[in-house]
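Trainee: What would the 3D arrangement of this be:
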Amino acid sequence: MTTPPQYGAPITLEAAKRVAAAAEAEANANDWPMVIAIVDTGAHLILLHRIDHAQNGSVNIARRKAETAVNFKRPTKVFEDAIAQGGMHLRMLAMGTLLPLEGGLPILEDGKVVGAIGVSGMQSTQDAQVARAGLAAL
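Mentor: As a prediction, the model looks like this:
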């Protein structure tokens, strides 16, 4: 098992804006109404961006995906895949702090977790595509 990365200094607002802008560009290129959330190392919301016509429920989901990714230092897809396996993995559903839906990614800088992005609004694979585009801005 690989050792998870350490936390670094929290992402700055300027960097969060760059990540969100790149994610928004990807969402707009596909005509996807999305919500993009960026949190710092303490899982505190730094930026929330709701593209016009994004569904209301995606606001909370995007934030929770980002919180899960930073709190556990891994993509939320890891948890989605584990729950899909069933069995003992289903215990994760009892964890109120975990959202096991793809679309949340830790933001790394110099190999350290500085925050996370969470995206919601379309299918989880599309949410993840937009989140990855955001990370590419750094």
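Trainee: What lies in contact with the helix or strand of the chain with the lowest mean pLDDT?
Mentor: Within the chain, no helix or strand scores below helix 77-85, which has a mean of 91 by mean pLDDT, DSSP states H and E. Contact with helix 77-85 is made by 68, 72, 89-90, 92-93, 98-102, 124, 128, as judged by Cβ atoms under 8 Å, 6 or more residues apart in numbering. Just so you know, the C-beta spots here come from the backbone N, C-alpha and C atoms, and that holds for glycine as well.
Trainee: Can you list the buried residues in that helix?
Mentor: Lys77, Phe79, Glu80, Ala82, Ile83 (16 or more other Cβ atoms under 10 Å).
Trainee: Out of these, which comes closest to Arg63?
Mentor: Checking the buried residues of helix 77-85 against Arg63 with Cβ to Cβ, the nearest one is Phe79 at 16.1 Å.
Trainee: what's the spacing between the closest one and Lys65?
Mentor: Distance, Phe79 to Lys65, using Cβ to Cβ, to the nearest Å: 10 Å.
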